[in-house]
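# Have a look at this fold, sequence not included:
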Ligand SMILES: Cc1ncc(C[n+]2csc(CCOP(=O)(O)OP(=O)(O)O)c2C)c(N)n1
Ligand SMILES: [Mg+2]
């Protein structure tokens, strides 16, 4: 099948039809691990013109994490194809992660043949009930001539607010059969306008506030509202904290970016306006103000869909809809307010706090401690990052340090697992970042524990010639669990890993390169060699197991 367009009549097997629809939705890569149940999807990918890239991995979670990260980075649904039974069950954690992150993702699963259902074929499992609770759509396609419309629906649902994962499986006999169908027309996504009165109310609250803070979350980026958000920030002069993939929307160094004074901003604000993210543990469950005797703050929630508005917080105002329309509408409404508050003393206080925090960082970032303090890795890494770098985090404390010290200069430059917090997403996310940003630096930060979950997929980086700089913070243990357990019980168990494991040697064995670093002064030169190598390259930094990240929230 070549040069097919939506609306045309098509003849093909189920794989041809599904691939054609995926292409019409902007999919460039199918992330997968082989299984006969899904062969027609590969055949469709190979024979479409131009062929769809097949990115085959060593463990299904990597394929689905890669598709999830593709959704996060490109804001077009990522596509993962997994075989029946264990292929689908291996996809469950990444699907759940996409659900928690509002990431557009379509997973197509194989399925035992319908004509034998109930008689005990290999891998005969009814998948949709398993993924029902973590998807926007979960179903089985029963007829070949319905594949195109059902797959089209899966892409449209995954890619429209509030975004998330969808899942369809196709019985083998249905997928291998042929049909002639009319390809579904392309639907332009309609931007839903927010309620104008609701925005006016919020604008009034903002005009009444003496100490407001705006929190910019993941959905602002995923919904393509990053420019509207920056316009809003600059037109209103409001101080901003960024969160999740909202990071980078207000770039590092911006005078209104006060993420580094977050606890002062959240504890002493009188109004918190949270846009594009849940009021979850990362935001104190939506309780703002109240610190050092300050009164509780009013809270406004702005979301991309009505069902995303917090139900567990008494909201002073709220609005939902396309987030660019929400933010532009709110800026316009604020501009019409008669009161023009002076937030400069408040912003000045926050900026002083940011400056003090940044100054206090310099000791740790330049630490010459032996064993190496993990912060020193970021003291060396951040000056080496280009503006368009993509930094991926997969780990516990080591990545928490990165979250503190690596402030992206562009949106879409920081990828972490989000509120689902699933270790093991790293290699998949790095693969996706390399494909989505072919000329950018891609840096994958791995805890040594997390590294064990996906490092075999360095083989995938090597086979597909995808250079990535990996840095392992090797503290010989599951640090983020070890230290809290010691704190609670005075001892710890099941939290140690072998000391000084040569993760760099694993990468060498798989066809990449790397080195182990024990001396803080050697981190910088090792990173330079890594960036210059043009290979998957792992810098295995032996860090101090006694250093715990100073955590203020546990998430429970
Ligand atoms: C799939 C999964 N299993 C377990 C956990 C619980 N967990 C959270 S952080 C962490 C420790 C991570 O250790 P490591 O990657 O070495 O990073 P470190 O904290 O040592 O820097 C664990 C086990 C999790 N978040 N996800
Ligand atoms: Mg560790």
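That came through fine. Predicted model, so just to flag it, every value in this text is computed and none were measured. Ligands and ions are numbered 1, 2, ... in the order given.
# quick one: average confidence on stretch 441-461?
Taken as a whole, stretch 441-461 has a mean pLDDT of 98.
# Briefly note if that stretch comes near ligand 1.
Yes: residues of stretch 441-461 are located near ligand 1 by CB under 6 Å from any ligand atom, namely 447, 448, 449, 450. Bear in mind the C-beta positions are built from the backbone N, C-alpha and C, glycine included.
# ok, that stretch near ligand 2 or not?
Yes: Stretch 441-461 lies within reach of ligand 2 by CB under 5 Å from the ion, at 447, 448, 449.
# Which elements pack onto the helix or strand hosting residue 202?
Assigned by DSSP states H and E, residue 202 belongs to helix 196-208. In this structure, helix 196-208 packs against strand 271-275, strand 298-303, strand 317-320, helix 323-335, with contacts taken as 3 or more CB pairs under 8 Å, 6 or more residues apart in numbering; DSSP states H and E.
# before we move on, the earlier item: turn the residues of stretch 441-461 next to ligand 1 into TSV, including secondary structure.
Below are the residues of stretch 441-461 next to ligand 1 laid out as TSV (DSSP: H, G, I helix; E, B strand; the rest coil):
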residue	secondary structure
447	strand
448	helix
449	helix
450	helix
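# Just the buried residues of those.
447, 448, 449, 450 (16 or more other CB atoms under 10 Å).
# and which of those residues is nearest residue 473?
residue 447 (5.8 Å; CB to CB).
# Report the beta-bridge partners for that closest one.
Beta-bridge pairing of residue 447 under DSSP bridges involves residue 473.
# mind checking which helix or strand the residue nearest to residue 454 when sequence neighbours are not counted is in?
Spatial nearest neighbour of residue 454, excluding adjacent residues (CB to CB, 6 or more residues apart in numbering): residue 427 at 3.9 Å. Using DSSP H and E, residue 427 sits within helix 426-436.
# tell me what that helix is packed against?
Using 3+ CB pairs under 8 Å, 6+ apart as the contact test, the elements touching helix 426-436 are strand 29-32, strand 53-56, helix 60-74, strand 390-394, strand 442-447, helix 448-454, helix 458-463.
# Could you check the angle the longest one makes with strand 390-394?
Between the direction of helix 60-74 and that of strand 390-394, the angle (axes from the mean of the first three to the mean of the last three CA atoms, to 10 degrees) works out to 140 degrees.
# now the next helix or strand after helix 60-74 against helix 60-74, angle please.
Helices and strands here follow DSSP H and E; after helix 60-74, the next one along the chain is strand 78-82. Between the axis of strand 78-82 and that of helix 60-74 there is an angle of 170 degrees, by the same axes, to 10 degrees.
# residues in contact with strand 78-82?
22, 27, 29-33, 35, 38, 41-42, 60, 63-64, 66-71, 88, 90-91, 94, 103-110, 432 (CB atoms under 8 Å, 6 or more residues apart in numbering).
# Could you list the low-pLDDT ranges of this structure?
Applying pLDDT under 70 to the chain picks out residues 1-6, 554.
# ok, now with 80
Regions of the chain meeting the criterion pLDDT under 80 cover residues 1-7, 552-556.
# Could you pull out the buried residues of the longest helix along it?
Longest helix in the chain, counting residues (DSSP state H): helix 344-365. Judged by neighbour count (16+ other CB under 10 Å), helix 344-365 contains these buried residues: 346, 347, 349, 350, 351, 353, 354, 357, 361, 364, 365.
# Next, the contact list for the residue nearest to the second one when sequence neighbours are not counted, please.
Nearest residue to residue 347 in three dimensions, chain neighbours excluded: residue 239, at 5.2 Å (CB to CB, 6+ apart). Contact partners of residue 239, counting by CB under 8 Å, 6+ apart, are 212, 213, 214, 256, 258, 265, 343, 346, 347, 350.
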